[in-house]
Every structure is written in structure tokens, then in C-alpha cells.
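S.K.: Attaching a predicted model along with its sequence, questions to come.
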There are 2 protein chains.
Amino acid sequence: MYRIGELAQLCEVKTDTLRFYEKHGLLSPSSRTDSGYRIYTENDAERLRFILRAKAVGFTLAEITELLSIELDKSNWACADVKGLVDDKLANVEAKIAELNHFQLSLQRLSQACCGGPESAEHCSILEALESSTDNIRCENHSHTHDDVQFTKNCQNKAVSKNSKEK
Amino acid sequence: MYRIGELAQLCEVKTDTLRFYEKHGLLSPSSRTDSGYRIYTENDAERLRFILRAKAVGFTLAEITELLSIELDKSNWACADVKGLVDDKLANVEAKIAELNHFQLSLQRLSQACCGGPESAEHCSILEALESSTDNIRCENHSHTHDDVQFTKNCQNKAVSKNSKEK
DNA sequence: CTTGACCTTGGATACAACTCCAAGGTTTAT
DNA sequence: ATAAACCTTGGAGTTGTATCCAAGGTCAAG
């Protein structure tokens, strides 16, 4: 039997979070003291751990609600139902990964095109790429020959001095 | 010169979005008609395209606000500043990818452990994994020998019938 | 009997990026 | 002159997941 603060500490969540889960139907205390304090059983703690594990693999609270309703009535559900939820989520996660991979690639290209040096950003390849089509990013070396003397000034060299934070 | 609806159509956003960007300081029309209609110039349209391109590589509106303030005052910023924003974002995106990859792996393991068949979920490996440590997921075949006769009933076989949706 | 740590409730706030609505004014086409 | 299509404003709603707050009740120690 735990009071809300005890369960919270045990599972490393905040009491607010437990009340939030209760309000949203994920986890209600099995009973209350006469004075109204929430009392959670070991069973409730297990349910909370179920929730937290499901969160840890990426499920949203809405999805966890579904999982919980299956969990409480297993015999009326098929493996197919459960696996369906997992596979839907997987597809969902993979779609997000694909989007982020796209962002990553674009950002890498932008980053590579820019010297990152202390020079004025007036001819920064990144800004230029954002000013026109994102597709054709060109290195600062040959993007602007506004000053032929500084031909190589804007690329590669200066970058080294600043980027000690690269792992 | 565009009215809000024209610019919206041109750039495939909603008029609400343009007003939203204005309210948040990203893009204001260069002028208004006597009756108060917003009037956007070609310059404004370019600025909008800048915003949309930045969004397309993953920047949030807050980050785009920074980019725009650099863009409007390039000579007082260095390439390092711009590249810094890109690299920060890149790190950010990569962190999210890492998290999602973790979700993906967990979900794949869960999915693989479950037959996905029409059998009762009473011994579903996915639910069992969520009931206890997420780490040791075992296939339904050997997870429960509560009924030796049905040893292979719960795995692999039935899955084929349902999963025609796998691409 | 007071202090401090705990608990209660309802409601507000936060983030991101819109999206929608109502009530009314303007423009354009017929 | 009137209907359709456009525009204005301020403000509310959405999704997801909490987090925080204020005003007050409860409990155990000293």
C-alpha cells in the first residue's frame, strides 16, 4: 500500500503525473483513506510500471489506454489485436524516422556547404540556400566571386579553429 | 502585390497561417489598403519562401525567427553563427532519431515475439513483455508451457494468413 | 499545540503550430 | 443592388504530456 508520494518516488514520476494519469483513466488508486488520501496497491504499482514500460517503447497515453483495456480482458482479444497495435506504432515511428532522416540529410548538406568561420555571413551558403531552392547548395568557395582575392578565404580553413566541440 | 489569399494560394499555405506568422513576428505585409487589407510584396513572398524552406529542413518557427534576424542583417553576423544554428539543429534532430531508433528496435522485438494470430491474447508475448521487464522478450512458443499439447499453436503459423498487408 | 511534510481539489500554464469561428466590413461580378 | 467571394479582428480550440499553483485539510514528531 502506497500513498501517492510513495508510489511516485518508487516509480520515479511526480505525484502530479499520477493524478494526471488518474484524470485520464490510466491509473486509479484502489482505495482512499477516510480523509481522502489515495491508496495504491502493489497491483496499481504494477499497472503503473506497465504504463511506463509502454511509454518507454514509444506508445502515447492514448495508445496505452488501448493496451490496458486489452491487458485487463486478455481472453477477449487476439494476439493479432495486440500485434496490430505494435505494428501500427512501428509504422508510425518509422514514418517519423524517415522525416527526421530527411531533415538530417538536408541539415548535413547545409552544414557542409558553410565554412563556419568568423567571416561575414553576407555570402553564407546556408543563407543562400534558404533564399532560393533548397536543392542546389553550393560551397562558399565558388558561390560568389565578389572578391577574387579571397577565393579560398571562406571555406574549410577557418572552420578548424572553432570546432573543437565536434565529437 | 498580393492580397493575403493570393499569397496563401501562391505558397500553398492558409491565410490563417500567414496571420499567425504575422502575429508571431515572422512575416508582416509591407502595407495595407485603405480598407485595411494586407498587401504583400514580392519581397514578402520571398521572405515567406525562406520561412517555408527553413521549415522544410526541420527548423521550428522560433529558430526561423533567429535565422531571419540574421538574414536581415547579414553583415553583422558570421558564418559561424549561421552554421552554429544548423549544427545545433542537426544535433537536435539526431538525438530525436536516436530516440526513435530505440523505439523502433523495441517495437520490432515486440512484434517479432508475437504470432499475431487469432489466438487469445492470454499468453501474448507482447503483453507479457510489458508486464515485466521490457528487456527479456521471449517468443510465445516457449514462454508458457501451460498447455503442452498446443506447443506450436501460438507462433508463426497463423501469422501468415493475416499479414497480407506487409509490404 | 505548533511545525513541517504530506495530502486534497480545481484550474491555470506551458510548448508548437496552427486551425477555426463569429460578427462584421469590402470588392467584384452580374 | 445584391450575392459571392474576399477581407478584418479577437479569441477559442486542438493535440499531448504534463507541470505548477493556491487555498486548504491531515498527520506525526517534539
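M.R.: Cool, got the structure. Residues are numbered from 1 along each chain as shown, chains lettered A, B, ... in the order given.

S.K.: tally of neighbours for the residue of chain A found nearest DNA strand D?
M.R.: Nearest to DNA strand D, among the residues of chain A, is residue A:60, at 3.0 Å (Cβ to the nearest atom of the strand). Yep, even glycine has a C-beta here, placed from its N, CA and C like the rest. Residue A:60 has 12 neighbours, counted by other Cβ atoms under 10 Å in any protein chain shown.

S.K.: Quick one: residues contacting the residue of chain A found nearest DNA strand C.
M.R.: With Cβ to the nearest atom of the strand, the shortest gap between chain A and DNA strand C falls at residue A:5, namely 2.5 Å. By Cβ atoms under 8 Å, 6 or more residues apart in numbering or on different chains, the contact set of residue A:5 is residue A:15.

S.K.: State the helix or strand in which it lies.
M.R.: The secondary structure element spanning residue A:5 is helix A:4-11 (assigned by DSSP states H and E).

S.K.: can you check residue A:116 too?
M.R.: In this structure, residue A:116 is located outside every helix and strand according to DSSP H and E.

S.K.: Need phi/psi at it.
M.R.: Taking degrees, to the nearest 10, you get phi 70, psi 20 for the backbone angles of residue A:116.

S.K.: wait, isn't it in contact with residue B:81?
M.R.: No. Judged on Cβ atoms under 8 Å, residue A:116 makes no contact with residue B:81 at a distance of 9.1 Å.

S.K.: quick one: pLDDT of the residue of chain A closest to DNA strand D?
M.R.: pLDDT, residue A:60: 95.

S.K.: measure it to residue A:95 for me?
M.R.: The spacing between residue A:60 and residue A:95, counted by Cβ to Cβ, to the nearest Å, is 14 Å.

S.K.: Have a look at residue A:116 and residue B:81 and say which one is more surrounded.
M.R.: Comparing residue A:116 with residue B:81 by other Cβ under 10 Å, the one with more neighbours is residue A:116, at 27 against 16.

S.K.: Give me the nearest residue to that one, chain neighbours excluded.
M.R.: Using Cβ to Cβ, 6 or more residues apart in numbering or on different chains and skipping the chain neighbours, the partner closest in space to residue A:116 is residue B:83 (3.8 Å).

S.K.: same thing with residue A:7?
M.R.: Take residue A:7 and drop its neighbours on the chain: the residue closest to it by Cβ to Cβ, 6+ apart is residue A:40, 4.7 Å away.

S.K.: That neighbour: neighbour count?
M.R.: Quick note: residue A:40 (other Cβ under 10 Å) scores 24 neighbours.
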